[in-house]
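>>> next one to model:
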Amino acid sequence: MLSRNRSQSGFTLIEAVMVIVITGIIGVLAAGFVRPLEGYFDTLNRADLSDTADTALRRMARDIRLALPNSVRINISGNSRYLDFLATTGGGRYRAALDAGAGDILDFIAADTSFDVLGPPVTIAAGDQIVVSNLDDPGADAYEGNTLSTHVRRAASVTGTVANVSITSTNPLPHESPAQRFQIVHEQVRYLCDLTTGRLIRYAGFPIAPPAAEVPVGGSNALLASGVTACSFTYAPGSAQRSGLVTISLTLSNNSDPLDNVTLLHQVHVQNVP
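Model prediction:
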């Protein structure tokens, strides 16, 4: 006769209920923990986006404050936004009149290849150019070059720290500066905001030319921000060309979550007194 005292295996009803209850408690606790964790990482992502956008805008602001008066240009082409300007490294005042019959003045009647600096000496690097009275007018536009008599930009022919500036010139400069100012132009800078690729790029060191809606050829470039979903550049020259205002708006998004984005607005004053 078979024995009926075999060991039994499996769960009792009480054990099953206890498992369900414990699993529910763990689920509630996990849900309560996940949401704050998601919020924490969302905050980190937004902080990273804000930091990237702020760094890019501050870099642009530092550059734009050094722009040659009346040299800021804005161009738009399709999904691309362009901001150009001529970057200066310094400047000073030129001698406009003789001092007791002595001194080297900057002559605007005839071609002149040198002039005295009034005040501290200026530092000129290889490739720098001298600009007097850039007015953003035909014949007085620094982007046009230095090959014709009406162009205001002249190549510096002597580098170093100098109290007398030498320039390459076969024609007189077209306009005097009301305050006898001159600026030292180092290069043209272009910021390109490409919404197709989502990138903000700084270009520099390419040949100076009238700004156009295109990617510069030559020079160097540096990526300032990626994940750009919106951007705008606007420029108000200001009353009587004395000052201008550049407004930059930049929106960055997280690639993994396009709805997670930040938008920063920055305004930069530029001097337009020639």
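
>>> any idea which element the most centrally placed residue in the chain lies in?
Geometric centre of the chain, nearest residue: residue 60, 2.7 Å, by C-alpha atoms, centre = their mean. Per DSSP states H and E, residue 60 falls inside helix 13-64.

>>> strand partners (parallel or antiparallel) of the next helix or strand after that helix?
Later in the chain than helix 13-64, the nearest helix or strand by DSSP H and E is strand 73-77. When pairing is defined by DSSP bridges, strand 73-77 lines up against strand 80-94 (antiparallel).

>>> strand partners of whichever helix or strand comes after the strand it pairs with, parallel vs antiparallel please.
On the C-terminal side of strand 80-94, the nearest following helix or strand under DSSP H and E is strand 114-118. Strand 114-118 has its sheet partners listed here by DSSP bridges as strand 80-94 (antiparallel), strand 164-168 (antiparallel).

>>> now the element after strand 114-118, going C-ward?
Downstream of strand 114-118 (by DSSP H and E), the next one is strand 122-124.

>>> what packs against that next one?
On a contact count with 3 or more C-beta pairs under 8 Å, 6 or more residues apart in numbering; DSSP states H and E, strand 122-124 meets strand 80-94, strand 160-162. For glycine as for every other residue, the C-beta is placed from the backbone atoms N, C-alpha and C.

>>> and the chain, what are its domains?
The chain resolves into domains spanning 49-85+187-271, 87-186 when parsed by automatic domain parsing.

>>> now the last one: how far from the chain's centre is it?
A distance of 27 Å separates the centroid of the chain from that of domain 87-186, by C-alpha atoms, centre = their mean, to the nearest Å.

>>> re the thing from before, take the domains of the chain and write them to a markdown table, including mean pLDDT and distance to residue 12.
Output for these, formatted as a markdown table (pLDDT from 0 to 100; distance: least, C-beta to C-beta, whole Å):
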| stretch | mean pLDDT | distance to residue 12 |
| --- | --- | --- |
| domain 49-85+187-271 | 91 | 47 |
| domain 87-186 | 88 | 82 |
